[in-house]
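J.: sequence unknown, structure follows:
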C-alpha cells in the first residue's frame with residue numbers, strides 16, 4: 001500500500017468516526033428534553049464531558065494495548081467502541097441509558113490517539129509526520145464544521161436520539177476501511193519490561209581489546225545518550241521531559257476550547273438565531289482552521305515557526321470578544337478563535353514530530369490525548385459550576401484565564417528549556 005493511500009484511509013476513517021462524536025454534543029439540551037430529563041443546566045455540562053472523562057481514564061491502558069498488540073488493532077477497537085456507544089445512545093429510553101451509551105463511547109473510543117499512534121509508527125520522516133498530524137486535526141475540524149451544520153438541519157425534522165442509530169453506520173464504515181491498512185510490526189525488544197523503563201543496548205564485548213579504555217568510554221557515552229533518550233519519554237523531571245510538557249500545553253489548549261462548547265447553544269439563542277444558524281456559528285472557528293491550514297500549506301516554507309504563546313494570545317483575545325452583545329463582533333470572534341486554534345496546533349504538532357519515537361507511539365499519543373481530555377473534563381466541570389452562578393458569559397472568561405495561564409507557563413519555562421516551545 002502506498003504512503004498516500006495509507007494516509008488517506010486513516011484520515012477518512014478519523015473523519016467518519018469524529019463526525020458524530022464531535023457534532024452531537026452540541027444538541028445535548030435537546031436530548032434531555034426528548035428524555036423528559038431534568039433540564040437544570042448542570043446536566044448539560046456533565047453529559048458533555050462524560051465521554052471525554054471516560055476517554056481520559058482509559059487512555060493510559062489503550063496506549064499500552066496499542067504498543068503491545070498493534071496500533072492497527074487499537075484503531076479497529078476504537079471504531080467499534082464508538083459504533084456500540086452510538087447505538088446504545090440511539091435506543092436510550094431514559095437519562096441513565098444515555099449515560100451508559102456516552103460512557104461506552106468514551107471508554108472504548110479514542111480514535112484521535114489511535115489514528116495518530118498508527119501514523120507515527122508508519123511515518124519516520126519528521127516533516128511528513130508533522131504535516132500528517134496537522135491533517136488529523138484538519139479532519140477533526142472538518143467534522144466540527146459539517147456535523148453541526150448538517151445535524152442542525154436534521155434535528156429540526158427528526159428526534160436527536162434517533163439520529164444516533166443512523167450515525168452508528170459511520171464508525172462501522174470506518175472499521176471496514178481500516179481493515180485495508182497494513183498491520184504495523186511490533187518489535188518486542190523495543191518495549192521495556194515496565195511502563196517506565198526501556199531496555200538499553202548491551203555493552204560491547206570489544207572492550208577486552210587493546211583499545212578497551214577508548215571503547216569503554218564510547219560505550220558509556222552511547223549508553224548515556226540512550227539513557228537521555230529514554231528519559232525524554234519516561235523522565236521524572238516533568239518540565240524537562242518534552243512529551244509531558246507538550247502534553248501539558250495540549251491540556252491548556254483543550255480547556256480553552258472546550259470551556260466554550262457545552263453552553264454555546266443557549267448562549268447563541270440569546271441572539272435570536274435558529275438551530276441551523278447556531279450550527280453555522282458554532283462551526284465557524286473550524287472553517288477558519290481549515291482555511292488557515294490550506295493557505296499555510298502553500299506558504300509555510302517562507303514563514304518562520306509559529307510561537308505557541310502568540311497562538312494563546314489570539315485565543316484569549318477571541319474568547320473575550322464573545323462578551324459583546326453585537327452579533328457581527330461575535331462572528332468576528334468565532335473567526336479569530338479559529339485562527340488561534342490553528343496557530344496553537346501548528347506549533348504543538350511541530351514539537352511532537354521533532355521528538356517522536358515510533359516504538360513508543362501508543363504510549364506517547366495516548367498520554368498526549370489523555371491530557372487533552374482531562375483539560376476538557378476540567379473545563380466542562382468548571383463551566384457546569386460557574387454558569388448557574390455567573391451566567392452564560394462565564395465560560396468565555398474562564399477560557400481567557402486559562403489562555404493567560406498557558407502564556408505565563410510558556411514564558412517561565414522558556415527561560416530554562418528554550419528548545420521546548
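T.: On my side now, so go ahead. It should be emphasised that the depicted structure is a prediction, and the values quoted were computed from it without experimental measurement.
J.: look up phi and psi at residue 393.
T.: Note on residue 393: backbone dihedrals following degrees, to the nearest 10 are phi -90, psi -10.
J.: where does the residue lying closest to it once chain neighbours are set aside sit: helix, strand or coil?
T.: In this structure, residue 393 finds its nearest non-sequential neighbour in residue 323, 5.7 Å apart by Cβ to Cβ, 6 or more residues apart in numbering. Bear in mind the C-beta positions are built from the backbone N, C-alpha and C, glycine included. At residue 323 the chain is in coil, as set by DSSP: H, G, I helix; E, B strand; the rest coil.
J.: got a list of what residue 323 touches?
T.: Neighbouring residues of residue 323 by Cβ atoms under 8 Å, 6 or more residues apart in numbering: 393, 396, 397.
J.: please enumerate the helices of the stretch 1-150 of the chain.
T.: For the stretch 1-150 of the chain, the helices defined by DSSP state H, counting those that start in this stretch cover 3-23, 28-34, 41-69, 71-90, 95-108, 111-122, 126-154.
J.: find the least confident helix or strand in this structure, judged by mean pLDDT.
T.: One helix or strand of the chain scores below all others by mean pLDDT, DSSP states H and E: helix 212-234, with a mean of 45.
J.: any chance of JSON lines for the helices of the stretch 1-150 of the chain, columns mean neighbour count and mean pLDDT?
T.: Converted to JSON lines, the helices of the stretch 1-150 of the chain look like this (neighbours: other Cβ atoms under 10 Å; pLDDT from 0 to 100):
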{"stretch": "helix 3-23", "mean neighbour count": "21", "mean pLDDT": "89"}
{"stretch": "helix 28-34", "mean neighbour count": "18", "mean pLDDT": "84"}
{"stretch": "helix 41-69", "mean neighbour count": "21", "mean pLDDT": "83"}
{"stretch": "helix 71-90", "mean neighbour count": "24", "mean pLDDT": "93"}
{"stretch": "helix 95-108", "mean neighbour count": "20", "mean pLDDT": "92"}
{"stretch": "helix 111-122", "mean neighbour count": "27", "mean pLDDT": "85"}
{"stretch": "helix 126-154", "mean neighbour count": "21", "mean pLDDT": "82"}
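J.: for residue 404, find the nearest of those helices.
T.: helix 41-69 (22.3 Å; Cβ to Cβ).
J.: list the helices and strands that closest one packs on?
T.: Helices and strands touching helix 41-69, by 3 or more Cβ pairs under 8 Å, 6 or more residues apart in numbering; DSSP states H and E, are helix 28-34, helix 71-90, helix 95-108, helix 111-122, helix 361-390.
J.: I'd like the distance from that helix to the chain centre, please.
T.: The chain centre lies 11 Å from the centre of helix 41-69; the measure is Cα atoms, centre = their mean, to the nearest Å.
J.: got the angle for it vs helix 71-90?
T.: Relative orientation of helix 41-69 and helix 71-90, computed by axes from the mean of the first three to the mean of the last three Cα atoms, to 10 degrees: 150 degrees.
J.: okay, the angle between helix 41-69 and helix 111-122?
T.: Using the same axes, to 10 degrees: helix 41-69 against helix 111-122 is 20 degrees.
J.: and residue 309, how far is that from residue 411?
T.: Separation of residue 309 from residue 411 (Cβ to Cβ, to the nearest Å): 7 Å.
J.: rewinding a little: tell me which of the contacts of residue 323 is nearest to residue 261?
T.: Closest to residue 261, out of all of these and judged by Cβ to Cβ, is residue 396, at 11.3 Å.
J.: surely that closest one and residue 319 touch.
T.: Yes. Taking contacts as Cβ atoms under 8 Å, residue 396 lies within contact range of residue 319: 4.5 Å.
J.: those two: which has the busier surroundings?
T.: Shown here are residue 396 and residue 319; by other Cβ atoms under 10 Å, residue 319 has more neighbours (26 against 23).
J.: what about the more buried one, helix or strand, and which?
T.: Residue 319 belongs to helix 308-321 when assigned by DSSP states H and E.
J.: any idea which helix or strand comes after that helix?
T.: Counting by DSSP H and E, what follows helix 308-321 is helix 327-354.
J.: quick one: mean pLDDT over the host helix or strand of residue 177.
T.: Element membership of residue 177, judged by DSSP H and E, is helix 169-178. The predicted model assigns helix 169-178 a mean pLDDT of 94.
J.: list the buried residues in it.
T.: 170, 171, 172, 173, 174, 175, 177, 178 (16 or more other Cβ atoms under 10 Å).
J.: looks like the second one contacts residue 15 (just checking).
T.: The reference is to residue 171. No. Counting by Cβ under 8 Å, residue 171 does not reach residue 15; the two are 10.8 Å apart.
J.: excluding its backbone neighbours, what's nearest the residue nearest to the spatial centre of the chain?
T.: Centroid check for the chain by Cα atoms, centre = their mean gives residue 369 as the closest residue, at 5.2 Å. Distances taken as Cβ to Cβ, 6+ apart place residue 113 nearest to residue 369, at 3.6 Å, with adjacent residues excluded.
J.: do you know how far the one you found is from residue 35?
T.: 30 Å.
J.: low pLDDT regions in the stretch 251-400 of the chain?
T.: Under the criterion pLDDT under 70, the flagged ranges of the stretch 251-400 of the chain are 297-306, 353-365.
J.: please redo it, this time with the cut-off set to 80
T.: 275-276, 296-306, 349-371 (pLDDT under 80).
J.: contact partners for residue 74?
T.: 62, 65, 66, 114, 117, 118, 362.
J.: higher neighbour count, residue 309 and residue 411?
T.: Neighbours were counted for residue 309 and for residue 411 using other Cβ under 10 Å; residue 309 has more, 20 against 11.
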